[in-house]
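Chemist: Fold the following and give me the result.
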Amino acid sequence: MDTIHTRIKICGLSRAEDIEAVNRLKPDYIGFVFARGSRRWVSRDKAMELKKLLDPQIKAVGVFVREDPAVIAGLLQDGVIDIPQLHGGEDETYIQRLRKLTDKPIIKAFRIDTEEDVQEAEASSADLVLLDSGTGGTGTTFDWSLIKSICRPFFLAGGLDPKNAADAVQSIRPFAVDVSSGVETDGKKDPQKLLDFVQAVRAVER
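Modeler: Next comes the predicted model:
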């Protein structure tokens, strides 16, 4: 059987203890949420403070919903984040505007309800796409059978947790898995669940 190397993204970090936990586990990416409507929202100053504590080998992704491209470019330029993730239905024109301001790779999130949603994700000019259920952070999975034939690398999100992570990696073979609410207890990142999730994903590789 081919070796699977699935990258891991832990999203929605907001506390110093969250950073300490991921520094021990070494996921490939973490996410700071800059969408003000989210309970995981962090300010620029808070994100900067947390980024300084983050292992430099871990890439920090900034999650945005219809943010001014200049604001995103500023966060990238100042090293607060390494990669932007667009989560608000931003169109191709928006992506091209952002590209004029930064050469960093762009992740674009898509809500997957139908085959047409998958086709839209496949056609996106973003460097990477993230396939999610709902608007993110819903804690529910979507119908994975819809993406069996997708032909580009993608982040798999939506309803992942330590119990279904291994199955997701084995059956879907995503470029990366993205988890947030599935590793929380009472709305806070849970160190044991984080450990269990990372171990579940990496056990598939072994």
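Chemist: To what extent is the nearest residue to Ala200 once chain neighbours are set aside buried, counted in neighbours?
Modeler: Excluding its sequence neighbours, the residue lying closest to Ala200 (C-beta to C-beta, 6 or more residues apart in numbering) is Ala165, at 4.1 Å. Where C-beta positions appear, they are placed from N, C-alpha and C, glycine not excepted. Residues contacting Ala165 under the criterion other C-beta atoms under 10 Å number 26.
Chemist: Contacts only, for Ala165.
Modeler: Residues near Ala165 by C-beta atoms under 8 Å, 6 or more residues apart in numbering: 177, 179, 197, 200-201.
Chemist: mind running it again at 7 Å?
Modeler: The contact partners of Ala165, by C-beta atoms under 7 Å, 6 or more residues apart in numbering, come to 177, 197, 200-201.
Chemist: May I see those residues arranged in JSON lines, with neighbour count and secondary structure as well?
Modeler: Output for the contacts of Ala165, formatted as JSON lines (neighbours: other C-beta atoms under 10 Å; DSSP: H, G, I helix; E, B strand; the rest coil):
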{"residue": "Val177", "neighbour count": "26", "secondary structure": "strand"}
{"residue": "Phe197", "neighbour count": "26", "secondary structure": "helix"}
{"residue": "Ala200", "neighbour count": "20", "secondary structure": "helix"}
{"residue": "Val201", "neighbour count": "24", "secondary structure": "helix"}
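Chemist: Greatest separation within those: which pair is it?
Modeler: Val177 and Ala200 (9.5 Å; C-beta to C-beta).
Chemist: which residues touch the most centrally placed residue in the chain?
Modeler: The centroid of the chain falls nearest to Asp178 when counting by C-alpha atoms, centre = their mean (4.8 Å). Going by C-beta under 7 Å, 6+ apart, Asp178 touches 9, 11, 130, 155-157.
Chemist: repeat that with 8 Å
Modeler: By C-beta under 8 Å, 6+ apart, the contact list for Asp178 reads 9, 11, 31, 130, 132, 155-157, 160.
Chemist: Just to be sure, it is in a strand?
Modeler: Yes. Under DSSP: H, G, I helix; E, B strand; the rest coil, Asp178 sits within a strand.
Chemist: Find me the pLDDT at Thr185, would you?
Modeler: Note on Thr185: pLDDT of 97.
Chemist: Please disregard the earlier target; I meant Asp143.
Modeler: pLDDT, read off for Asp143, is 86.
Chemist: excluding its backbone neighbours, what's nearest it?
Modeler: Counting by C-beta to C-beta, 6+ apart, the residue nearest Asp143 is Ile112, at 7.6 Å.
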